[in-house]
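*Asks:* Any chance you could fold what I've pasted below:
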Amino acid sequence: MMPATAPAAALIATEPSAAALEWSKKLVSFDTTSRNSNVALIRCMADELTAHGIAPLIVPSPDGNKANLFATIPAHDGTVTGGIMLAGHTDVVPVDGQAWDSEPFTPETRQGRLYGRGTTDMKAFSGAILGFLPEFLSRPLAEPLHFAWTYDEEVGCHGAVVLLAELEARAIHPRIGFVGEPTSMRPVSAHKSSQLFRVTVTGIAAHSSMTSTGVNAIEYAARAIAFIRSVADEHRLGGPFDETFVVPYTTANVGVVSGGAAVNTVAEKCEFEFEFRTIPGDDAEAVIARIEEHLAGLRSEIQQENSSADVRMDALGTVPGLNPDGPREALELAQRLTRNAVEESVVYATEAGLFQRAGIDTVVCGPGSMDQGHTANEYIELSQIAACETFLQALADHLSTTERTEQP
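*Replies:* Sure, this is the predicted structure:
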């Protein structure tokens, strides 16, 4: 496997088709920040599928406020299971506090780039697919082609979990998956896991002149935070290591802390949120167990001070890593379709690990660069959308029974 800094073979692509660009702009114009509903966008995409004679399957979230979308172009013999799945998420991260030079949800094309929230992460991939539907439908496919669009990828990949459960119930099992996160159309076979948690410490409030009558939640939270940092330091110094990653070890980070009411009051409550990201092969469950064991010790101590006090850890999102071991067909096919022989790893997490865990041989490969993802003035190079269309054309050729018959 090569590190992410390895040079890539150039794809012959310049300008995207009018259809791909139009659909990319249309999708960006929907504000699908994860805190909002994505249903209007899903309905728009479902209507387009229906207009082309493709039956959409809308899979709502438990509260009905969001939805996944799944659809299949059957093989020429009517087969709908097995086959290849193109997958992407529909939600985007917030623009709050960012200084944009244009309206984030009013896409603009300038100087060879498409600007707007979600252009690179990852609506241009979906726009290219929707623009390419007529070509896919014109081919006699040797095996089915599936499309999967999810909600809440950015906040824990919750939609993909719901979608996979629905597919399992319907006995739909794609064989290969391509997740179109931005990789500059370079095949990625590995990424870290992402484990998100909230720790809540409940103490007993008291006046600061009478600390012995209270229980300070902030102090216990601080001890938990210090332990999490110590676990991160162990991995940074002692490994295990995987040099294919830019950061070649498991990491942890406490990103949000809130607690206390006043400096002269013993803090009654403190919450913090943390994450850790394991490299493939490192045992995420073992890391969780160590943290849970430490928190259990803190819970015992705090309840010795007052039985009403507590320390609790809740999972906010658990996204498995993408492991490069196992079947290599998806990687080899991605390399062939992109004409790019590299095999890379990325430090960010995607839904690919969930698909892999469900038995779908999956790689990440999509247009744009994550260097522009989540930033103010997010953009994607138009040439990257064109490169994605070149990939889709190669996929159509690969799936076409006519093309396969003509191959020696």
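*Asks:* what about the closest residue to Q393 other than its chain neighbours, distance to A394?
*Replies:* By the measure of CB to CB, 6 or more residues apart in numbering, the closest residue to Q393 outside its immediate chain neighbours is E135, 7.2 Å from it. Every residue, glycine included, has its C-beta placed from N, CA and C. From E135 across to A394, the span is 12 Å (CB to CB, to the nearest Å).
*Asks:* Do you have the strands of the stretch 101-250 of the chain handy? List them.
*Replies:* For the stretch 101-250 of the chain, the strands identified by DSSP state E, counting those that start in this stretch occupy 108-110, 113-115, 145-150, 176-179, 188-191, 194-202, 206-207, in order along the chain.
*Asks:* Could you do the stretch 251-400 of the chain as well?
*Replies:* Counting by DSSP E, counting those that start in this stretch, the stretch 251-400 of the chain forms strands over residues 251-259, 265-266, 269-277, 310-319, 344-346, 361-364, 379-381, given from the N-terminal end onward.
*Asks:* So for the residue nearest to P240 when sequence neighbours are not counted, what's the pLDDT?
*Replies:* In space, not counting the residues next to it along the chain, P240 is nearest to D282; the distance is 5.7 Å by CB to CB, 6+ apart. Per-residue confidence for D282 comes out at a pLDDT of 92.
*Asks:* same check, this time on L11
*Replies:* What the model reports for L11 is a pLDDT of 43.
*Asks:* re earlier: how many neighbours does the residue nearest to P240 have?
*Replies:* Each residue near D282 was counted by other CB atoms under 10 Å, and the total is 20.
*Asks:* Test my guess that it contacts A252.
*Replies:* No. Counting by CB atoms under 8 Å, D282 does not reach A252; the two are 11.8 Å apart.
*Asks:* Need the overlap of contacts for these two.
*Replies:* Applying CB atoms under 8 Å, 6 or more residues apart in numbering, one finds that D282 and A252 are jointly contacted by H235.
*Asks:* For the protein, which helix or strand comes out least confident on mean pLDDT?
*Replies:* Sorting the helices and strands of the chain by mean pLDDT, DSSP states H and E puts helix 401-406 at the bottom, at a mean of 54.
*Asks:* now the strands of the stretch 251-400 of the chain in a markdown table, with mean neighbour count?
*Replies:* Putting those into a markdown table (neighbours: other CB atoms under 10 Å) gives the following:
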| stretch | mean neighbour count |
| --- | --- |
| strand 251-259 | 14 |
| strand 265-266 | 19 |
| strand 269-277 | 20 |
| strand 310-319 | 17 |
| strand 344-346 | 25 |
| strand 361-364 | 26 |
| strand 379-381 | 25 |
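*Asks:* Tell me which of these lies nearest to D242.
*Replies:* Judged by CB to CB, the one of these that comes nearest to D242 is strand 344-346, at 7.4 Å.
*Asks:* How far off centre is the closest one?
*Replies:* 14 Å (CA atoms, centre = their mean, to the nearest Å).
*Asks:* do stretch 355-366 as well
*Replies:* Centre to centre, stretch against its chain (CA atoms, centre = their mean), the figure for stretch 355-366 is 12 Å.
*Asks:* Kindly report the same for stretch 26-44.
*Replies:* Computed by CA atoms, centre = their mean, the separation of stretch 26-44 from the middle of its chain amounts to 17 Å.
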